[in-house]
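Chemist: okay, predicted coordinates and the sequence, questions at the end:
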Amino acid sequence: MGEVFAVFTIRRLATLIRKFNNISLLLAASAFVIICAILMRTLEPERFTTFFNAIWYVMTTVTTVGYGDLFPETAAGKVVAMFMFVFGIGLVGVVIGKVVDGLGSFTRRKEEGRLIYKGRKHIIMIGWSKKTEIAVNEVLESDTFTDIIVIAQTDRLPLNHERLHYIQGDPTDRETLLKANTLNAKAAIIFADELIHDASLTDGKSLLIASTIESLAPDVHTTVEIMQEKHIQNFNHIHVNDFILAQETISRLAVRSALSKGITTLYNRLIRRGEEEGGELFEIKPRKEWKTYRDAFNALLAEGATLIADQHRLGVNHLMDTTIPEETRLYVICEESVYVKLKHSEER
């Protein structure tokens, strides 16, 4: 009868405790453990020679571990122990359950894209597709520091990485972009929505997303994938840094391949990160001692890199004696080890 009453009491107590908020529960459990430890230390100082021993006994009791290395001997100590049996087990058990539920809830909310991202200098990718997955893997392999935020309207992402974060929501909504901390992002890539089969509607949605980003964070480098080149003029009223022509690029590359066998291999080597020798395409900043493109070309060649372009201009070989403009971006082909040395020289 006594055991039934104790079980009933613990269940009733647990039900009442669950109605408290988490902070109140934590404070109540901490106070309960400390008070019980003080009582045990006061009532049986010879058994519990230190306050730590008393804490140890209370914790092993209320968590039902019960090692048996310490136990009360006096009647008063046993009364306190019974008090812990009836009230402490229920209280601490609920607290532990709350902690476990909280950790599980955090993981679940992160996977479902319902957490706010608070980092900085990250890359935002909008829309989930096979192209997005390839882009995510490319960033993870090429950059060991930059976080990636994917904004989409799927239940959860099939990829899992400590630097990959998901925000579920409508990318045309400012609140969704704020959750991705767009204000402090380094770049945003807008992929064409593959669920929309009309090219005009697809580019129209991309335009709306780009406009929202522009109004919220005008300094973010924005890249937009569009379906038809003629739609680029519709983006004139906003600032888009780069456009990717989805269908035209594939078609033109196929024609180039037919006319010049093997040229697609060269294109792929330029845009894809690989382990083959020959180098990859990298961006560098011009040095102060480089006055003309010839200065830059010769200096880079001596260090193992080949200058091929200035921003969008590929004809650098025709500009050798031209002064390099300020704030320009140079592109070189070199191996990654050479690029690391070049970056180190920029920072000095």
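Modeler: Looks like it arrived, so ask away.

Chemist: any regions of the protein where pLDDT drops low?
Modeler: Counting by pLDDT under 70, the chain has low-confidence residues at 1-22, 247-251, 253-255, 257-258, 262-264, 266-278, 347-348.

Chemist: specify the residue ranges that define each domain of it.
Modeler: The record's domain parsing of the chain by automatic domain parsing lists 2-111, 123-250, 276-347.

Chemist: out of these, which is the most enclosed?
Modeler: domain 123-250 (a mean of 17; mean count of other CB atoms under 10 Å). Where C-beta positions appear, they are placed from N, C-alpha and C, glycine not excepted.

Chemist: gap between that one and the chain center?
Modeler: Centroid displacement of domain 123-250 relative to its chain, using CA atoms, centre = their mean, to the nearest Å, is 15 Å.

Chemist: quick one, helices of the stretch 201-348 of the chain?
Modeler: Counting by DSSP state H, counting those that start in this stretch, the stretch 201-348 of the chain has helices at residues 246-259, 263-271, 293-302, 336-347.

Chemist: where along the stretch 51-200 of the chain do the helices fall?
Modeler: Under DSSP H, counting those that start in this stretch, the stretch 51-200 of the chain gives helices at 51-62, 75-83, 89-111, 130-142, 174-179, 199-216.

Chemist: dump these into JSON lines; add distance to Ala302 as well.
Modeler: Compiled in JSON lines, the helices of the stretch 51-200 of the chain are given as follows (distance: least, CB to CB, whole Å):
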{"stretch": "helix 51-62", "distance to Ala302": "68"}
{"stretch": "helix 75-83", "distance to Ala302": "81"}
{"stretch": "helix 89-111", "distance to Ala302": "49"}
{"stretch": "helix 130-142", "distance to Ala302": "26"}
{"stretch": "helix 174-179", "distance to Ala302": "45"}
{"stretch": "helix 199-216", "distance to Ala302": "41"}
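
Chemist: the domains of the chain into JSON lines, with extra columns for distance to Ser260?
Modeler: Output for those, formatted as JSON lines (distance: least, CB to CB, whole Å):
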{"stretch": "domain 2-111", "distance to Ser260": "46"}
{"stretch": "domain 123-250", "distance to Ser260": "16"}
{"stretch": "domain 276-347", "distance to Ser260": "16"}
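
Chemist: and those: which comes nearest Tyr117?
Modeler: domain 123-250 (5.0 Å; CB to CB).

Chemist: ok so, going back, nearest to Leu307, out of the helices of the stretch 51-200 of the chain?
Modeler: With CB to CB as the criterion, Leu307 lies closest to helix 130-142 of the helices of the stretch 51-200 of the chain, at 20.9 Å.

Chemist: the closest one packs against which elements?
Modeler: Packing partners of helix 130-142 (3 or more CB pairs under 8 Å, 6 or more residues apart in numbering; DSSP states H and E): strand 123-126, strand 148-152.

Chemist: out of those, which comes closest to Asp321?
Modeler: Asp321 sits nearest to strand 123-126 of all those, at 37.7 Å, using CB to CB.

Chemist: pairing partners for that closest one, with directions?
Modeler: Here strand 123-126 is paired, per DSSP bridges, with strand 148-152 (parallel), strand 187-190 (parallel).

Chemist: so what touches that strand?
Modeler: 132, 135-136, 139, 146-152, 171, 180, 182, 185-191, 209, 220 (CB atoms under 8 Å, 6 or more residues apart in numbering).

Chemist: re the thing from before, please identify which of the helices of the stretch 51-200 of the chain is closest to Pro286.
Modeler: helix 130-142 (22.4 Å).

Chemist: would you put the C-alpha positions of the closest one in PDB?
Modeler: The C-alpha coordinates for helix 130-142 follow below in PDB (Å, rounded to 0.1, in the frame of the first residue of the first chain):
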ATOM      1  CA  LYS A 130      20.600  19.200 -58.000                       C
ATOM      2  CA  LYS A 131      22.300  22.400 -59.100                       C
ATOM      3  CA  THR A 132      22.100  23.700 -55.600                       C
ATOM      4  CA  GLU A 133      23.500  20.500 -54.200                       C
ATOM      5  CA  ILE A 134      26.500  20.600 -56.500                       C
ATOM      6  CA  ALA A 135      27.100  24.300 -55.600                       C
ATOM      7  CA  VAL A 136      27.000  23.500 -51.900                       C
ATOM      8  CA  ASN A 137      29.500  20.700 -52.300                       C
ATOM      9  CA  GLU A 138      31.700  23.000 -54.300                       C
ATOM     10  CA  VAL A 139      31.800  25.600 -51.600                       C
ATOM     11  CA  LEU A 140      32.400  23.100 -48.900                       C
ATOM     12  CA  GLU A 141      35.400  21.600 -50.800                       C
ATOM     13  CA  SER A 142      36.800  25.000 -51.900                       C
END
